[in-house]
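Colleague: Predicted model and sequence follow; I will ask about them next.
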Amino acid sequence: MFIWAQTENDMLDFSTVYYQGTAKSAAMGNAMGAVGNDFSAIAINPAGLGLFRKSTFTFTPDLSITSVESNYKGNNGFDRAFKLQSNNIGLTWTQDFNDETLSSVSIALGINKLNNYKSNIFVNGENPNTSLIDAYISELYENGINNDVALEDYSPNGIFPLWDTYLLDFYDDGSIGSDVPQGGLKQQYGVSKTGYMREFNFASGFNFNEKLFLGVALDFPYFDRNITNEYKETNLSSSDSFKNWTQTEYIKNSGIGVNAKFGAIVFPARWLRLGASFHTPTIYNVTESWYTNTRSVFSNDIYTHESPTGTYKYIVTTPLRLNASVAFIFGNFGMITGDYEYVDYSKMRASSHDYDYTNFNDFIRDFYKATSNLRFGTEWRWQSLAFRAGYAIYGSPFGFDSENLKTTSYSCGFGYTYYRFTFDAAYVLSHRNNSYDLYSQYSLYPAYYGENNEFVDDTKVKETTNIHQLVISFKFRLD
């Protein structure tokens with residue numbers, strides 16, 4: 001049975017969390033671990049639920065614009081994606097007690113968004129040296145694939161369609177050839193990604209004499225992700241028989257999981273709050289489906305191949321998370337907050353009942369590293385108005401010292417309260433850089449060229465992503 005190759009990028013998508021809560025939380029950099037009294041704080045530290053004084057209903061829509069600029073061999077590409085969706089919706093219920101120890105208990109039900117997958121990427125450039133097919137040929141040599149029967153068993157959706165559309169050929173002497181030239185090609189790569197990750201929260205918070213707050217949450221995160229990858233190579237020489245080839249991949253992932261969160265907040269002094277929380281790993285049941293369309297164009301013929309749709313189910317286990325938080329309180333006028341989060345992406349694991357993921361998990365262990373996330377925020381009040389700002393750094397999954405996929409966010413916003421109604425607004429700008437080899441999106445093997453099988457890493461892509469978010473929250477006090 002053929003298993004579609006889950007990639008390290010898939011595992012990272014399913015394990016990465018960028019907290020996407022209320023406008024108040026977003027404006028303060030989501031540094032809410034020691035603050036509480038906000039629905040999105042439950043996703044970071046459920047003890048924050050114990051700081052609710054009244055039952056509330058919260059709803060938060062969010063407009064995001066994601067722009068991606070790429071540079072490949074001196075050529076720039078640009079694409080943009082828009083998304084309007086809900087960040088969260090939640091209901092909290094608070095019951096006061098006349099007990100000397102237990103002051104109140106709060107219960108929350110709702111949904112928080114954890115990640116937004118929406119993005120479009122376009123890469124474009126001219127390569128004088130190699131083709132992606134060169135990398136595929138290296139891969140086939142390395143794995144001893146020397147005929148079409150073995151190829152169909154090895155890679156029925158990826159490389160076999162190239163043979164079926166006359167882009168690859170096996171010769172009697174065991175060599176592998178192609179009519180696609182080594183270089184002299186215009187290469188284009190596009191990715192359209194849609195989807196989200198959300199989490200259904202069921203949490204309880206306990207207020208012990210306004211000094212100690214404990215919380216626990218049972219969460220059911222779920223995601224839905226659709227990816228369309230298109231790769232195209234066009235011959236720059238009009239005199240050759242080969243003109244161009246294109247392969248389009250369609251991949252759909254969906255999953256539902258379970259985790260638990262435990263947290264505490266203490267007030268050592270009126271001006272100081274300290275918080276800590278522990279998030280267990282999330283265990284996802286993932287369903288994946290995929291197929292590819294391949295098309296080759298020659299002077300006199302056009303060939304196409306559509307692979308059958310495949311499906312597979314497997315399990316993903318994400319890393320645990322540790323959070324520590326602090327908030328400095330300045331009377332009723334303002335606060336300064338900070339959160340620290342530790343996560344080790346090398347602990348991600350895939351498994352199933354009928355496939356051995358040992359080698360893949362070993363690769364994940366070596367490829368990814370532990371990292372830290374830092375979030376800072378501040379809020380200052382004047383009468384019924386609140387003014388907020390925040391800054392966050394989500395560390396690179398490749399380690400503390402790496403800049404690749406490191407995300408920085410800048411935010412600001414305000415809030416206005418009128419009797420039982422509160423309106424909050426926030427603007428968030430997030431920025432990250434990414435660098436990768438174009439061929440590595442399809443093969444782990446290099447494309448050799450030259451008389452001595454020399455290889456030069458000349459297919460590096462550099463990406464810059466900017467995400468603009470406008471977040472608005474409506475909060476209603478119910479008692």
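Modeller: Nice, I can see it.
Colleague: got a list of contacts for stretch 433-440?
Modeller: 72, 123, 132, 135, 187, 189, 403-406, 446-447, 457, 459-465 (C-beta atoms under 8 Å, 6 or more residues apart in numbering). No exception for glycine: its C-beta is placed from N, CA and C like everyone else's.
Colleague: Show me what counts as buried in that stretch.
Modeller: 434, 437-439 (16 or more other C-beta atoms under 10 Å).
Colleague: with those in mind, which one is nearest to residue 148?
Modeller: Lowest distance from residue 148 to the buried residues of stretch 433-440 (C-beta to C-beta) belongs to residue 439, with 22.5 Å.
Colleague: quick one, phi/psi of the closest one?
Modeller: Note on residue 439: its backbone torsions stand at phi -70, psi -20 [degrees, to the nearest 10].
Colleague: Distance of it relative to residue 397?
Modeller: According to C-beta to C-beta, to the nearest Å, residue 439 stands 21 Å off from residue 397.
Colleague: With residue 314 instead?
Modeller: Counting by C-beta to C-beta, the gap from residue 314 to residue 397 is 20 Å.
Colleague: These two: who's more crowded?
Modeller: residue 397 (25 against 20; other C-beta atoms under 10 Å).
Colleague: for the more buried one, what are its contacts?
Modeller: Residues near residue 397 by C-beta under 8 Å, 6+ apart: 12, 16, 345, 368-369, 371, 405.
Colleague: Which among the residues you listed count as buried?
Modeller: If we count by 16+ other C-beta under 10 Å, the contacts of residue 397 have these buried: 12, 16, 345, 368-369, 371, 405.
Colleague: Can you classify residue 240 by secondary structure?
Modeller: Secondary structure, DSSP: H, G, I helix; E, B strand; the rest coil: residue 240 is coil.
Colleague: Which other helices and strands does whatever helix or strand residue 90 lives in contact?
Modeller: Per DSSP states H and E, residue 90 falls inside strand 75-96. Applying 3 or more C-beta pairs under 8 Å, 6 or more residues apart in numbering; DSSP states H and E, one finds that strand 75-96 contacts strand 56-72, strand 102-116, strand 119-127, strand 185-208.
Colleague: Tell me which two in the contacts of residue 397 are the farthest apart.
Modeller: That would be 16 and 369, which, of those, are the farthest apart (C-beta to C-beta) at 13.8 Å.
Colleague: Ramachandran coordinates for residue 143?
Modeller: phi -100, psi 10.
Colleague: In terms of pLDDT, where does the spatially closest residue to it that is not a sequence neighbour sit?
Modeller: Leaving out its chain neighbours, the residue that sits closest to residue 143 by C-beta to C-beta, 6 or more residues apart in numbering is residue 154, at 6.7 Å. pLDDT for residue 154: 91.
Colleague: Please report phi then psi for residue 154.
Modeller: phi -80, psi -50.
Colleague: what's around it, how many residues?
Modeller: If you count neighbours by other C-beta under 10 Å, residue 154 ends up with 16.
Colleague: Kindly report the same for residue 416.
Modeller: Residue 416: 13 neighbours (other C-beta under 10 Å).
Colleague: looking at it, it is touching residue 383, isn't it?
Modeller: No. Assessed by C-beta atoms under 8 Å, residue 416 is found out of contact with residue 383, at 9.7 Å.
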